[in-house]
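In: would you be able to build a 3D model of this:
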Amino acid sequence: MYLFLLLCIFLSCSSTKHLRTKPKFCVNCKYFIPSTGDGSKDELYAKCAMFPHQNSSDYLVTGKNVYDSYFFCSTARTWRDMCGPDAKKYKKKRKTKEDPST
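Out: Numbers count the residues shown, from 1 in each chain. Prediction:
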C-alpha cells in the first residue's frame with residue numbers, strides 16, 4: 001500500500017516537470033530575424049534564419065542555391081519537422097558586453 005502511494009506521488013511530481021520550465025521564445029534565439037516594418041505587430045512577421053526558402057526557379061536556371069527569404073518564426077514553431085512548439089532548433093543568443101566608450 002505504501003509503495004503504491006509513493007509511486008503515485010513520484011509520478012504526479014514528475015508529470016508536472018514541464019510546467020516548471022520556462023518557454024523558449026524566438027525573440028531570444030540566435031536565428032531570430034526581426035521584421036523591418038514599422039507596425040505595432042512586427043514581431044508576428046519575424047523570420048527564422050534556420051529555415052530558408054530555396055528559390056527553386058533560379059536553381060533550375062543557374063544551378064546555384066539562392067536563399068532569398070526565410071520562413072516566419074510562427075510557421076517554424078507550428079511545424080514539428082521544423083522547430084516545433086518545443087523549440088528543437090533553439091539556440092540562445094549570446095550577450096555581448098556593451099562598449100564603455102559609447
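In: so where's the protein uncertain?
Out: Low-confidence segments of the chain (pLDDT under 70): 1-8, 10-20, 38-42, 55-56, 65-68, 97-102.
In: what do you get if the cut-off is 80, keeping everything else the same?
Out: For the chain, the stretches with pLDDT under 80 are 1-21, 36-44, 54-68, 95-102.
In: would you map the helices across it?
Out: In the chain, the helices defined using DSSP state H lie at 2-15, 17-20, 56-62, 73-78.
In: paired strands for the lengthiest strand in the chain, with orientation please.
Out: Across the chain, the longest stretch assigned as strand under DSSP state E is strand 47-54. For strand 47-54, sheet partners with direction are given as strand 32-33 (antiparallel), strand 67-72 (antiparallel), following DSSP bridges.
In: tell me the most buried of the ones you listed?
Out: strand 32-33 (a mean of 18; mean count of other C-beta atoms under 10 Å). The way it works is simple: take the backbone N, C-alpha and C, and place the C-beta from them, glycine included.
In: surely residue 43 and residue 27 touch.
Out: Yes - at 6.8 Å, residue 43 counts as touching residue 27 under the criterion of C-beta atoms under 8 Å.
In: more neighbours: the two, which one.
Out: residue 43 (15 against 10; other C-beta atoms under 10 Å).
In: distance of the more buried one relative to residue 91?
Out: 19 Å (C-beta to C-beta, to the nearest Å).
In: can you check residue 72 too?
Out: Counting by C-beta to C-beta, the gap from residue 72 to residue 91 is 18 Å.
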